[in-house]
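Trainee: Dropping the sequence and predicted coords here.
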Amino acid sequence: MLTAFAILTDGLVYAAYLFIVAIGLTLIFGVMKILNVTHGSFYAFGAYGAATAVGIYANADWPAALGFLFMITLAMLVGLIMGIILERGLLRLVYGKDEVVIVLVTYATFLILEDVIVLIWGAQSYAAYQPMVAAGSIEIGDLVLSNYDILLVAIAVVLAALAYWALKYTRQGRLLTTVIFDRETAAAFGINVTLVYTATFVIGAMLGALGGAVMAPKISVTLGIGVEVIVLAFAVVAIGGMGSIEGALIGALIVGICRAAAVHLAPQIELFVIYGVMALVLVARPYGLFVRAQPRKI
Amino acid sequence: MSLYVRIPFALAALASAAAIAPAHAQQAPIKIGIVSFLTGPAASPFGIPGRNGAEIVLEAFNAGKAPAPFDKVGFGGTKLEAKYVDEAGSVQNVVTEFRNLVQRDQVDAVVGYISSGSCLAVAPVADELKALTVFYDCGTPRIFEEKARSYVFRVSPHATMDGVGAARYLVAKKKNLTSFSGINQNYAWGQDSWRDFAGAMKVLAPKATADKVLFPKLFAGEYGAEISTLLTSKSQAVHTSFWNGDLESFTYQQSARGLDKRMTIIMTTGEAGMWRMRDKLPDGTIIGGRGANGPLARDTDINKWFHQIYMDRYNTPPTYPAYQMAQSLLGLKLAYEKAKKGDAKPTTDEIAAAFKGIEFTGPAGHVKMALGNGHQGITETAYGTYKFNKQKNMPEIVDIMRFPAECVNPPAGIDADKWIADGMKGAKC
């Protein structure tokens, strides 16, 4: 019973982490059809920005809740600036080019940004554990849960609900859905597709940075953290279906629960489980769980 | 005399001084390639301290300011010139850069490498090119167990010592241990570290059983499920060879959930992270430093010298990679000077012959090149218990136990895993 409860809670926490990281990636793909490798850099910059913010507020002796908000705000501001610079300064120049070219551009940008991190923050690692320590823990049976992990799950739920509401019930969301459905038709109906692209990329970048910011208190913020994240995020998005937000949510839950079960019951297959699940889903549904095969336009 | 008149006189004086300078000062410098992670996740905990250790030791050599018997300028009177290369990238890239150092830059020796993968790939190429190479940090025992090497040396002991030392310390401190677990990274380092530790525990505490054996992915970052698994186990101790970001992430996450209150954590590389984690590293953690390095080193004059020059330059204490680099360079210097006869520069073969089996004492203690036909060093090791001293506001390692080199390293000619599996016969404790 305790093991089952532990699998459920660990799975939910891991799923929350995966969803927060993957939502920006799948949003950008859904609207712009760009497989954005730079998303790993948004995560890393968000984490470094959060670590910087934590350093500032820890020295200023602010209350923990205020510090947490400051950390998220600063990290998302970093994502906003990066998103605008990259979309306006680089990506708009390659729109319309082959998808492989665009992937290579985002990969090259990812590599350059790794060096930019060294230039700004140096090669040393940073710690931002204060929010997690301040959150405390609760004990349930033999299990001790971190309140910060519970907060992560809450953030993921709020993000999913916000995304659902924004896409279904706001004018901007409907415009976005139109562009996702057919970019050319949307443009023919007078929708400013360029503006939608810029807004989507910037929001995606901010979500990537948010992922880094909320994870920063749990990890050592060090070089290379974006690499691991981008691989996991791709796996989640592939399971759910590229471009589908509900797919990212379900994909994250499947991976989270399966991984937690593997760690508790058969740790030797833990590494295999994530990609094994992905392979199984793709064999049955090559476009992921929430995306249907579409006819190709000629 | 105006400035314009004085400059030609000064230049002429400098030219004259150069002309009458001793012959050895005009010799081409000895080129040394230093390879270490300068970027990527391993740069901060290992690569940069290793590189920094090389920089200050080479500077001290060139200034003739290292303590005796290392006090000759450079190597045997000839100054040294270092070229620093990043180890980051694929193994193929590491080998290409090694070839570049040897064939293009014509270095006289290469000192470097942290990753065991790099060492395993470079070793055969070093022998093929007849290039004198000293590995400074990589831990795999396979380097000299798989094949005899001619031009490859490693002053730092291999990783078996870490696992055996950790087991000896744990058994000495926890007499009634019945169950232990392990969380190690899922690649060669983590797997080998656990194999050696669990094997040594089987010999030293046969009644204690290994409960949870976890191998999360390298750089996984999130360890919630692993911590829950350990929390729900009955283990009294958990072994980890995690390093850098993984070690720190695990420490922060387990602290938030109180794992250290339930069981003793053994961190075989904890010394490299304790100065960063400070009071976030739980008191009572068993700490290793891949040998008697850093705060685990003996309070000798040469250790004080190294510690001081490192602190003066970098304003932080040297961690074990810096010690390993210093030990490697001291060994190379001694071998070079032993091989040098008269003014002539010794050949690579002469230096390699002189290096085999040498003994010396460095900041991390006495080194004996006893294994791998004289190519692999052994030293004593030490483990201790971590304590954050709130009065001094700095980390400490207390309750240190030392284990002689022959107690924690296999005898010459016996493979490390076989030695452990056969009950560590011949160990001299």
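Mentor: Looks like it arrived, so ask away. As the structure is a prediction and not an experimental result, all values here were calculated from the model.
Trainee: In the stretch 151-298 of chain A, which residue sits closest to chain B?
Mentor: Closest residue of the stretch 151-298 of chain A to chain B, CB to the nearest CB: residue A:220 (3.4 Å). For glycine as for every other residue, the C-beta is placed from the backbone atoms N, C-alpha and C.
Trainee: how about the strands of the stretch 151-298 of chain A, start to end?
Mentor: A:220-221 (DSSP state E, counting those that start in this stretch).
Trainee: Stretch B:214-221 near chain A anywhere?
Mentor: Yes: contact of stretch B:214-221 with chain A (CB under 8 Å from any CB of the partner chain) involves B:214-217, B:219-221.
Trainee: what helix or strand does the residue lying closest to residue B:150 once chain neighbours are set aside sit in?
Mentor: Spatial nearest neighbour of residue B:150, chain neighbours left out: residue B:127 (5.3 Å); criterion: CB to CB, 6 or more residues apart in numbering or on different chains. Mapping residue B:127 onto the secondary structure by DSSP states H and E places it in helix B:116-129.
Trainee: Name the surrounding residues that touch that helix.
Mentor: Residues external to helix B:116-129 that are found in contact with it (CB atoms under 8 Å, 6 or more residues apart in numbering or on different chains): B:35, B:87, B:91, B:94-95, B:98-99, B:102-103, B:110, B:113, B:131-133, B:135, B:138-140, B:142-143, B:147, B:149-152, B:154, B:188-189.
Trainee: Now a PyMOL select for only the buried ones of these.
Mentor: The PyMOL command for the buried members of these (criterion: 16 or more other CB atoms under 10 Å in any protein chain shown) is given here:
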select buried, chain B and resi 35+87+94+95+98+102+110+113+131+132+133+135+138+139+140+142+143+149+151+152+154+188+189
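Trainee: Which members of the contacts of helix B:116-129 are positioned in helices?
Mentor: B:91, B:94-95, B:98-99, B:142-143, B:188-189 (DSSP state H).
Trainee: okay, these in TSV with pLDDT and distance to residue B:238 next?
Mentor: TSV is the format used below for these (pLDDT from 0 to 100; distance: CB to CB, whole Å):
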residue	pLDDT	distance to residue B:238
B:91	92	31
B:94	96	33
B:95	97	37
B:98	97	37
B:99	97	42
B:142	89	26
B:143	92	29
B:188	84	21
B:189	88	17
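Trainee: how about those residues in CSV, adding distance to chain A?
Mentor: Formatted as CSV, the ones in helices among the contacts of helix B:116-129 follow (distance: CB to the nearest CB, whole Å):
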residue, distance to chain A
B:91, 17
B:94, 17
B:95, 21
B:98, 22
B:99, 24
B:142, 23
B:143, 26
B:188, 14
B:189, 15
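Trainee: which stretches of the chain have low pLDDT?
Mentor: Went with chain A since none was named. The model of chain A has pLDDT under 70 over residues A:294-298.
Trainee: oops, I was thinking of chain B
Mentor: Ranges of chain B meeting pLDDT under 70: B:1-26.
Trainee: give me that answer again for 50
Mentor: Along chain B, segments meeting pLDDT under 50 span B:1-25.
Trainee: Whatever residue of the stretch 101-250 of chain B ends up closest to chain A: which element?
Mentor: As assessed by CB to the nearest CB, chain A sits closest to residue B:248 within the stretch 101-250 of chain B, at 3.4 Å. Using DSSP H and E, the element containing residue B:248 is helix B:244-257.
Trainee: need the next SSE after that helix, C-terminal direction.
Mentor: Following helix B:244-257 in sequence order, the next helix or strand is helix B:259-262 (DSSP H and E).
Trainee: Name the surrounding residues that touch that following helix.
Mentor: Against helix B:259-262 from outside (CB under 8 Å, 6+ apart): A:144, B:227, B:230-231, B:238, B:254, B:265, B:282, B:284-285.
Trainee: Please, where are all the helices along the stretch 301-429 of chain B?
Mentor: Along the stretch 301-429 of chain B, the stretches classed as helices by DSSP state H, counting those that start in this stretch are B:301-314, B:320-339, B:348-355, B:405-408, B:416-421.
Trainee: List, one by one, the residues from the stretch 301-429 of chain B near chain A.
Mentor: Residues of the stretch 301-429 of chain B found near chain A (CB under 8 Å from any CB): none.
Trainee: Identify the residue of the stretch 301-429 of chain B closest to chain A, quick one.
Mentor: Residue of the stretch 301-429 of chain B nearest chain A, by CB to the nearest CB: residue B:316 (9.9 Å).
Trainee: for the closest residue to residue B:105 other than its chain neighbours, what are its contacts?
Mentor: Using CB to CB, 6+ apart and skipping residues adjacent in sequence, the residue nearest residue B:105 is residue B:83, 5.9 Å away. Residue B:83 makes contacts with B:31-34, B:101, B:105, B:107, as judged by CB under 8 Å, 6+ apart.
Trainee: Please name the bridge partners of residue B:83.
Mentor: Beta-bridge partners recorded for residue B:83 (DSSP bridges): residue B:33.
Trainee: ok, it to residue B:313 distance?
Mentor: Relative to residue B:313, residue B:83 is positioned 20 Å away (CB to CB, to the nearest Å).
Trainee: swap in residue A:196?
Mentor: Distance from residue A:196 to residue B:313, counting by CB to CB: 54 Å.
Trainee: Which one's more surrounded, these two?
Mentor: residue A:196 (21 against 13; other CB atoms under 10 Å in any protein chain shown).
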